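Peer 1: my questions concern the predicted model and sequence given below.
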Number of protein chains: 2
Amino acid sequence: MPYDPSAYPPFAVTVDLVVLTVRKHALCALVVRRGGPPFQGRWALPGGFVRGDEDLEAAAARELTEETGLRPHVSGGQNAGAHLEQLATYGAPRRDPRMRVVSVAHLVLAPDLPSPTPGGDARSARWAPVGSLSGTDSGAEWDGTEQQESLAFDHGEILRDGVERARSKIEYSSLATAFCPPEFTVGELRRVYEAVWGVALDPRNFHRKVTGTPGFLVPTGGTTTRQGGRPAQLFRAGGATLLNPPMLRPEV
Amino acid sequence: MPYDPSAYPPFAVTVDLVVLTVRKHALCALVVRRGGPPFQGRWALPGGFVRGDEDLEAAAARELTEETGLRPHVSGGQNAGAHLEQLATYGAPRRDPRMRVVSVAHLVLAPDLPSPTPGGDARSARWAPVGSLSGTDSGAEWDGTEQQESLAFDHGEILRDGVERARSKIEYSSLATAFCPPEFTVGELRRVYEAVWGVALDPRNFHRKVTGTPGFLVPTGGTTTRQGGRPAQLFRAGGATLLNPPMLRPEV
DNA sequence: GGAATAGTGTCTGTCAGACAGTATCGC
DNA sequence: GCGATACTGTCTGACAGACACTATTCC
């Protein structure tokens, strides 16, 4: 691989974020409105340039904190922040009309946030149900009250890939707890699965599965009635990161 | 995301390839000897710069053809070439001592090739058992007859990630057939799984599993005795790409 | 015949799906 | 009481693991 350092073609490198959460029984993604051209006024994924002496993951974490105030912890760990992992890299020659830009997309799974806290240099930000953005697919409860508009650049494709990664990853890992607050009930965790997959799960079988998997859930001793009905036990995420055997996703 | 195009930090973008095959009951990776500094004389993964008007995947396919003569088909399709998919992107600030280089690694699964056909600008190339490169891990039959030496740059880490991806992906997809010639027997496919996972599988249960999964294998009608013993049926890869339920990997 | 590989059949334990039934809250 | 949710228990069918056994080839 001998080469002349001055002869390589110039690239810009950005990070884009697919930030997912579950709000009101629906899987939602964070989108920001673009303040300048190209695609001015269109919705896009949050993101920005990687700095000259910055790791890719550090750039993603910095953008996440700027946009949401969330502090990720990158792998393992308890449920005090958001989960962040690299998703894929998008580098088609003309995906950005101004110059050659390679974007390293990252996936963030976050618990529901009280306020959409727009920040950074974005004019505005909101949580959009993924069904309203990708059109097809099991978004289901898309009610048409918000304008449906495709995302800027190739961000629609990036979002689809991120949603698909999240859907498959909660099958064989305990990552669904990243969508939950630090303490949660079995029913709340089940509604996360139902929102992400867009299906209904049997509450009894789900309860047996998650409480029977060692290391998945740790009871905190407390109870809550915030969902109504009989008081439910509260749990924290356990240390187990891989689910074996996996949670089975119906209708595949 | 307003920004000044002239203000972005300059990056070089490369593709690196983790090319895996199964030779003599061992999982092997293609490595090339570096002809120039840095890391002159050390083994490295094949790869090169992305051209100014070239897609990332096209760059990976071009490097693959230059190094091995293989023509990938990127997704789906029959078994006439190699499987190619994006793996992950590596961009630590000083991973290349000369400049800021972001490498988009790709994973290639190829059938056993008669000749290691070095090509391109690499001085020499060879198939190295992955156990001899990553040291630890279930490489098992590393016999010490070849020098054990860590790969240049962060290529050891990239190789580990690629091997891990391949190991997990053959669990729930029919991708193991990408390691096989166009026509193969159940026993040959089983030896692929055994080599990649580094375990022994029960031939009877394996046979029942793969022949009982619809769409996985298609009998061609022919038979062969190239492995000795009773003639075995020949199969082609079927159209099924996802295995449900997955092949279970022992000892997890 | 002996060794090697291919292929079939049977038993058993585990577990997911389906569903009955009970417990405890708010109204 | 009524509706909601939480939780326990039982039955059944699918399937993986662990064998025994037979078939066909080369030597």
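Peer 2: That came in fine, so what should we check first?
Peer 1: what score does A:L113 have for pLDDT?
Peer 2: Looking at A:L113, its pLDDT is 74.
Peer 1: near chain B, which residues of the stretch 1-150 of chain A?
Peer 2: Residues of the stretch 1-150 of chain A lying close to chain B (CB under 8 Å from any CB of the partner chain) are A:1-3, A:5, A:8-13, A:32, A:34-36, A:44, A:47-56, A:86, A:88-93, A:98-100, A:102, A:104, A:121-122. The C-beta positions use only the backbone N, C-alpha and C, and glycine is treated the same way.
Peer 1: now the buried members of these.
Peer 2: A:1, A:8, A:11-13, A:32, A:34, A:44, A:47-50, A:54-56, A:86, A:88-92, A:100, A:102, A:104, A:122 (16 or more other CB atoms under 10 Å in any protein chain shown).
Peer 1: and these near DNA strand C, which?
Peer 2: Among these, no residue lies close to DNA strand C (CB under 7 Å from any atom of the strand).
Peer 1: now the helix ranked longest in chain A - C-alpha only, CSV.
Peer 2: Longest helix of chain A, by residue count under DSSP state H: helix A:155-172. The C-alpha trace of helix A:155-172 is given here as CSV (Å, rounded to 0.1, in the frame of the first residue of the first chain):
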residue,chain,number,x,y,z
HIS,A,155,-31.0,10.2,6.0
GLY,A,156,-34.2,8.2,5.3
GLU,A,157,-32.1,5.2,4.4
ILE,A,158,-29.9,5.7,7.4
LEU,A,159,-33.0,5.9,9.7
ARG,A,160,-34.4,2.7,8.1
ASP,A,161,-31.1,0.9,8.7
GLY,A,162,-31.0,2.1,12.3
VAL,A,163,-34.6,1.0,13.0
GLU,A,164,-33.9,-2.4,11.5
ARG,A,165,-30.7,-2.7,13.7
ALA,A,166,-32.7,-1.8,16.8
ARG,A,167,-35.5,-4.2,16.0
SER,A,168,-33.1,-7.1,15.5
LYS,A,169,-30.8,-6.3,18.3
ILE,A,170,-33.5,-6.4,21.1
GLU,A,171,-34.1,-9.9,20.1
TYR,A,172,-30.9,-11.3,21.3
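Peer 1: poorly predicted segments of the stretch 51-200 of chain A, please.
Peer 2: Low-confidence segments of the stretch 51-200 of chain A (pLDDT under 70): A:74-80, A:114-123, A:134-149.
Peer 1: again, only using 50
Peer 2: Filtered on pLDDT under 50, the stretch 51-200 of chain A yields the residue ranges A:76-79, A:120-122, A:136-145, A:147.
Peer 1: all strands for it, in order.
Peer 2: Ranges of strands in the stretch 51-200 of chain A, per DSSP state E, counting those that start in this stretch, are A:72-73, A:82-90, A:101-109, A:124-129.
Peer 1: out of those, which is the most enclosed?
Peer 2: Of all these, strand A:101-109 has the most neighbours on average by mean count of other CB atoms under 10 Å in any protein chain shown, namely a mean of 25.
Peer 1: and the angle from it to strand B:82-90?
Peer 2: 80 degrees (axes from the mean of the first three to the mean of the last three CA atoms, to 10 degrees).
Peer 1: counting by contacts, list what strand A:101-109 packs against.
Peer 2: Packing contacts for strand A:101-109, counted by 3 or more CB pairs under 8 Å, 6 or more residues apart in numbering or on different chains; DSSP states H and E, involve strand A:12-23, helix A:56-68, strand A:82-90, helix A:155-172, strand B:101-109.
Peer 1: reformat the strands of the stretch 51-200 of chain A as TSV; add distance to A:L189.
Peer 2: Output for the strands of the stretch 51-200 of chain A, formatted as TSV (distance: least, CB to CB, whole Å):
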stretch	distance to A:L189
strand A:72-73	20
strand A:82-90	15
strand A:101-109	13
strand A:124-129	20
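Peer 1: export these as TSV, with columns for distance to DNA strand D.
Peer 2: Listed next are the strands of the stretch 51-200 of chain A as TSV, based on distance: least, CB to the nearest atom of the strand, whole Å:
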stretch	distance to DNA strand D
strand A:72-73	27
strand A:82-90	23
strand A:101-109	21
strand A:124-129	20
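Peer 1: how about the residues of chain A near DNA strand D?
Peer 2: For chain A, the residues in contact with DNA strand D (CB under 7 Å from any atom of the strand) are A:185-188, A:203-205, A:207-208, A:211, A:223, A:227-233.
Peer 1: so which of those residues are also by DNA strand C?
Peer 2: Restricting these to contacts with DNA strand C (CB under 7 Å from any atom of the strand) yields A:204-205, A:208, A:228-231.
Peer 1: tell me which of these is nearest to DNA strand D?
Peer 2: A:G229 (2.6 Å; CB to the nearest atom of the strand).
Peer 1: what separation is there between the closest one and A:E194?
Peer 2: Plainly put, A:G229 is 17 Å away from A:E194 if you go by CB to CB, to the nearest Å.
Peer 1: who has more neighbours, the two?
Peer 2: Using other CB atoms under 10 Å in any protein chain shown, the more surrounded residue of A:G229 and A:E194 is A:E194, with 16 against 7.
Peer 1: thought that one was touching A:L201?
Peer 2: Yes. With contact defined as CB atoms under 8 Å, A:E194 counts as touching A:L201 (5.8 Å).
Peer 1: and stretch A:156-170 with DNA strand C, contact?
Peer 2: No. Judged by CB under 7 Å from any atom of the strand, stretch A:156-170 stays clear of DNA strand C, getting no closer than 14.2 Å.
Peer 1: off-centre distance for that stretch?
Peer 2: Mean C-alpha position of stretch A:156-170 versus that of the full chain (CA atoms, centre = their mean, to the nearest Å) differs by 8 Å.
Peer 1: next, the buried residues of it.
Peer 2: Going by 16+ other CB under 10 Å, stretch A:156-170 has these buried residues: A:156-163, A:165-167, A:169-170.
Peer 1: take the ones next to DNA strand C among the residues of chain A next to DNA strand D and keep only those in helices.
Peer 2: A:204-205, A:208.
Peer 1: which positions in the stretch 101-250 of chain A make contact with DNA strand C?
Peer 2: A:202, A:204-205, A:208-209, A:212, A:225, A:228-231, A:245, A:248, A:250.
Peer 1: from A:R126, how far out is the residue of the stretch 1-150 of chain A found nearest DNA strand D?
Peer 2: The stretch 1-150 of chain A approaches DNA strand D most closely through A:H25 (10.5 Å), counting by CB to the nearest atom of the strand. Per CB to CB, A:H25 is found 17 Å from A:R126.
Peer 1: circling back to that earlier point, how many other residues sit next to the nearest residue to the residue of the stretch 1-150 of chain A closest to DNA strand D once chain neighbours are set aside?
Peer 2: With sequence-adjacent residues excluded and distances taken as CB to CB, 6 or more residues apart in numbering or on different chains, A:H25 is closest to A:A195, at 5.3 Å. For A:A195, the number of neighbouring residues by other CB under 10 Å comes to 23.
Peer 1: show me what contacts A:A195?
Peer 2: Contacts for A:A195 (CB atoms under 8 Å, 6 or more residues apart in numbering or on different chains) come out as A:22, A:25-27.
Peer 1: okay, now the domains of chain A?
Peer 2: Domain ranges of chain A: A:8-170, A:175-237, per automatic domain parsing.
Peer 1: residue contacts, the nearest residue to A:H83 once chain neighbours are set aside?
Peer 2: In space, and not counting its chain neighbours, A:H83 is closest to A:A178: 4.0 Å by CB to CB, 6+ apart. By CB under 8 Å, 6+ apart, the contact list for A:A178 reads A:79, A:82-83, A:109-111.
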